[in-house]
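Enquirer: next one to model:
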Amino acid sequence: MAATSTKAPRSIVQLLGKRLSTATVFFHAAIADRMGVTVTDAKCRSLLLQHGPLSAGELAQRLGLTTGAVTGVIDRLTRAHWVMRVPDPVDRRRVTVHLAPHPKRDRDLERFFEPMSKRIHALLAGYDRREQECILEFVTKASEILEEETTRLRAKP
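Expert: Numbering: from 1, shown residues only. The predicted structure is shown next:
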């Protein structure tokens, strides 16, 4: 996609950098409250939903936590039956963290997201296919930038 301008309007950057990011953080904090867990615990679950089973080290890196801190997250989520540790069949010293199956709880959680999801779908329906493709490309690339910048900020100086 060819850029029509070399500089994004300041208002878009401000909306993404401040209002949208803050609204997203607060939304996920409210979801975590409803789940009865911390935001970090909820993001751990989200990572497992997105990527499938991960090792404790991978979770620590993605969450920006020490391995000791992520052990506490995994312990809490295991006690609450949100996740389970599964021994690695190749390396017995290693475990992977899997989501624990719980269909009723998963349906309950989906109900928290459903109103927002419906509203976002309705919003997108107001755009034609080409515009939706542009939005998808923009959000995908903006997400990649956020992930890269998070990694950069967490790197040791």
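Enquirer: now the helices for this protein?
Expert: Taking DSSP state H as the criterion, the chain carries its helices at 10-14, 21-35, 39-51, 56-63, 67-79, 103-125, 129-154.
Enquirer: need those in TSV (columns: distance to Val97, mean pLDDT and mean neighbour count).
Expert: In short, each C-beta sits where N, CA and C put it, glycine included. Shown next, in TSV, are the helices of the chain (distance: least, CB to CB, whole Å; pLDDT from 0 to 100; neighbours: other CB atoms under 10 Å):
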stretch	distance to Val97	mean pLDDT	mean neighbour count
helix 10-14	36	78	10
helix 21-35	17	91	13
helix 39-51	7	94	17
helix 56-63	6	92	17
helix 67-79	6	94	16
helix 103-125	17	92	11
helix 129-154	20	91	11
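Enquirer: out of these, which is closest to Pro89?
Expert: Within the helices of the chain, the stretch nearest Pro89 is helix 56-63; the backing value is 16.7 Å (CB to CB).
Enquirer: check which helices and strands the closest one sits against.
Expert: When contacts are defined as 3 or more CB pairs under 8 Å, 6 or more residues apart in numbering; DSSP states H and E, helix 56-63 sits against helix 39-51, helix 67-79, strand 95-99.
Enquirer: who touches it?
Expert: Here helix 56-63 makes contact (CB atoms under 8 Å, 6 or more residues apart in numbering) with 40, 43-44, 47, 54, 65-67, 69-71, 73-74, 95, 97.
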